[in-house]
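Participant: What follows is a protein structure lacking sequence information:
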Ligand SMILES: O=C(O)C1=C[C@@H](OP(=O)(O)O)[C@@H](O)[C@H](O)C1
Ligand SMILES: C=C(OP(=O)(O)O)C(=O)O
């Protein structure tokens, strides 16, 4: 097969000639947008999403819901300002086909929705989606009463034979490979006849902030959710059946996508302003305030947003990133440019993300002259003088942004397939060159 010209294209990563000083408006959060779409689709009345993220993952989510009969209309918000989506719920329909691409949120959050459709819903996606874990969702849905045809692979492609309703009830799930198994079951549970009680049985559970995001957003649309934090048993979440409200929700900026811009200020000793950084949020990217401060920067959260300043020095860090795994590629890139070694721990499950991120980061940083080794659950990074070269991205948006961070400090880095940032941030190349005043 001839190579795909888009994928093999090389993007010369801009090199910073001095301290970066910029304000970057970061588009909406992928995780918030895709949860908001699902909850609005399951509500009993229309709702609005203002400033939704429009990227590959969120357009796939909208496409999947539309395929099942939900109306998602383009429009301006109810107050006449800002771009918005109006979501009009409908009786969910099958037969339908859902393309999940390589979006974890789509491949995990939509099968429970499909159990409520009145016919078969076929799920398919990118080759990598066949390798990403889905068995936790499939097994749990079967035990809750669903009929699913996956040829006993526990993976995509598969067909959920929607029966118009699902019993629900109590179910055990090992979500150690992805927190999205828990989020997926909770999000649709208000519409299951008996709601759900999810009991996580695995030894570890990654990405807890994302589960809190699910719980917060469910409560905001009127669902009753009991959690370990609200006095329940550890690792048990309970959702009571009930109707969901249609809301008018403004989507927060994606704080994980703010990461490369903050990193730019950190490694160049510059200044970065991210408007609309929320004062309170469940997004894991909020942890960057603490992590990048420990690595040498300082930040101030104002009413306008976050003001982050680099000191000109970057320190290594020893940190457990299990709660905030999606920040790992960007932290690894900064760590490769630091003045001391780093240990990133608690992220074994990254081997099952868009690509095997631990292998990919090790290989690509080392090919630029770095010294990275994989551990059982993370990376050891010993900074070395790096040189230019091609940074491969493995169709992983966060590999592309990690390479761009290194390219700011190292002349001659070329990013292969920077277009893969379209998964969550289609404007990345323009925002990045705009930041540099190019
Ligand atoms: O629920 C979500 O929106 C997400 C949960 C996390 O998944 P894992 O728990 O599989 O790491 C995170 O890495 C992903 O980017 C988004
Ligand atoms: C792991 C990620 O995505 P997904 O939602 O596809 O799991 C990510 O965005 O870093």
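Facilitator: Now that the structure is in, tell me what you want to look at. All of these numbers come straight from a predicted model, not from anything done at the bench. Ligands and ions are numbered 1, 2, ... in the order given.
Participant: C-alpha from now on. contacts and neighbour counts both.
Facilitator: Noted.
Participant: Could you find the closest non-adjacent residue to residue 311?
Facilitator: residue 269 (4.9 Å; C-alpha to C-alpha, 6 or more residues apart in numbering).
Participant: Residue 309 is in contact with that neighbour, correct?
Facilitator: Yes. Counting by C-alpha atoms under 8 Å, residue 269 touches residue 309, with 6.9 Å between them.
Participant: Any idea which helix or strand in this structure has the lowest mean pLDDT?
Facilitator: Ranked by mean pLDDT, DSSP states H and E, the weakest helix or strand in the chain is helix 5-8, scoring a mean of 61.
Participant: Distance check, the closest residue to residue 191 other than its chain neighbours against ligand 2.
Facilitator: Spatial nearest neighbour of residue 191, excluding adjacent residues (C-alpha to C-alpha, 6+ apart): residue 241 at 5.9 Å. With the distance defined as C-alpha to the nearest ligand atom, to the nearest Å, residue 241 ends up 26 Å from ligand 2.
Participant: Let me see the contact set for residue 241.
Facilitator: 189, 190, 191, 192, 193, 194, 195, 196, 223, 224 (C-alpha atoms under 8 Å, 6 or more residues apart in numbering).
Participant: hmm, try it at 6 Å
Facilitator: With contacts defined as C-alpha atoms under 6 Å, 6 or more residues apart in numbering, residue 241 is in contact with 190, 191, 194, 195.
Participant: and what of residue 123?
Facilitator: So residue 123 contacts 98, 157, 158, 159 (C-alpha under 6 Å, 6+ apart).
Participant: How about residue 226?
Facilitator: 237, 238.
Participant: And stretch 236-249, end to end?
Facilitator: 28 Å (C-alpha to C-alpha, to the nearest Å).
Participant: Now it: buried residues?
Facilitator: 236-242, 244-249 (16 or more other C-alpha atoms under 10 Å).
Participant: again with stretch 225-233
Facilitator: 225, 226, 227.
Participant: Correct me if wrong, but residue 217 is in a strand.
Facilitator: No. If the criterion is DSSP: H, G, I helix; E, B strand; the rest coil, then residue 217 is helix and not within a strand.
Participant: What is the burial count for residue 234?
Facilitator: Other residues near residue 234 come to 11 when the count uses other C-alpha atoms under 10 Å.
Participant: what's the answer for residue 202, then?
Facilitator: That count, for residue 202 with other C-alpha under 10 Å as the rule, works out to 13.
Participant: same deal with residue 199?
Facilitator: Around residue 199 there are 19 residues (other C-alpha under 10 Å).
Participant: helix/strand/coil for it?
Facilitator: strand.
Participant: measure it to residue 169 for me?
Facilitator: Taking C-alpha to C-alpha, one finds residue 199 at 11 Å from residue 169.
Participant: For the contacts of residue 123, which entry has the maximal number of neighbours?
Facilitator: Result: residue 98 is most packed of the contacts of residue 123 (other C-alpha under 10 Å), 25 neighbours.
Participant: Would you agree that one is in contact with residue 63?
Facilitator: No. Assessed by C-alpha atoms under 6 Å, residue 98 is found out of contact with residue 63, at 7.4 Å.
Participant: For residue 165, which non-adjacent residue is spatially closest?
Facilitator: residue 116 (4.6 Å).
Participant: hang on, the one you found is in a strand, isn't it?
Facilitator: No. Counting by three-state DSSP, residue 116 falls outside a strand, being coil.
Participant: got a pLDDT number for residue 378?
Facilitator: At residue 378, the pLDDT value in this model is 98.
Participant: what's it in contact with, if anything?
Facilitator: 344, 345, 347, 348.
Participant: which one of these sits closest to ligand 1?
Facilitator: Relative to ligand 1, the closest of the contacts of residue 378 is residue 347; by C-alpha to the nearest ligand atom it sits at 8.5 Å.
Participant: quick one, what contacts the closest one?
Facilitator: 322, 325, 377, 378.
Participant: same for ligand 1: which of the residues you listed are within range?
Facilitator: residue 325 (C-alpha under 6 Å from any ligand atom).
Participant: Could you provide the contacts of residue 347 in a markdown table, with additional columns for secondary structure and distance to residue 204?
Facilitator: What follows is the contacts of residue 347, written out as a markdown table (DSSP: H, G, I helix; E, B strand; the rest coil; distance: C-alpha to C-alpha, whole Å):
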| residue | secondary structure | distance to residue 204 |
| --- | --- | --- |
| 322 | helix | 9 |
| 325 | helix | 13 |
| 377 | coil | 12 |
| 378 | coil | 15 |
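Participant: Now for the contacts of residue 347, which sits with the most neighbours around it?
Facilitator: residue 378 leads the contacts of residue 347 on contacts (other C-alpha under 10 Å) with 25 neighbours.
Participant: which one is it nearest to, not counting chain neighbours?
Facilitator: Nearest to residue 378 is residue 345, by C-alpha to C-alpha, 6+ apart, at 4.6 Å.
Participant: any idea how far the one you found lies from residue 381?
Facilitator: 11 Å.
Participant: More neighbours: which of those two?
Facilitator: residue 381 (27 against 19).
Participant: That one contacts residue 374, doesn't it?
Facilitator: No. Contact between residue 381 and residue 374 fails when scored by C-alpha under 6 Å: they sit 8.9 Å apart.
Participant: Please give the element, helix or strand, for residue 306.
Facilitator: strand 305-309 (DSSP states H and E).
Participant: How about the helix or strand following that strand and ligand 1, any contact?
Facilitator: Per DSSP H and E, the first helix or strand lying C-terminal to strand 305-309 is strand 318-320. No. Contact of strand 318-320 with ligand 1 is not found when judged by C-alpha under 6 Å from any ligand atom; the minimum separation is 13.6 Å.
Participant: May I see the buried residues of strand 318-320?
Facilitator: Result for strand 318-320 [16+ other C-alpha under 10 Å]: buried residues residue 320.
Participant: what's the average pLDDT for that strand?
Facilitator: On average, strand 318-320 scores 98.
Participant: Work out the sheet partners of that strand and label each with its direction, please.
Facilitator: strand 342-345 (parallel) (DSSP bridges).
Participant: How about residues contacting the strand it pairs with?
Facilitator: With C-alpha under 6 Å, 6+ apart, strand 342-345 has contacts from 316, 317, 318, 319, 320, 321, 377, 378, 379, 380, 381.
Participant: mind redoing it with 8 Å?
Facilitator: 316-322, 328, 332, 335, 377-382.
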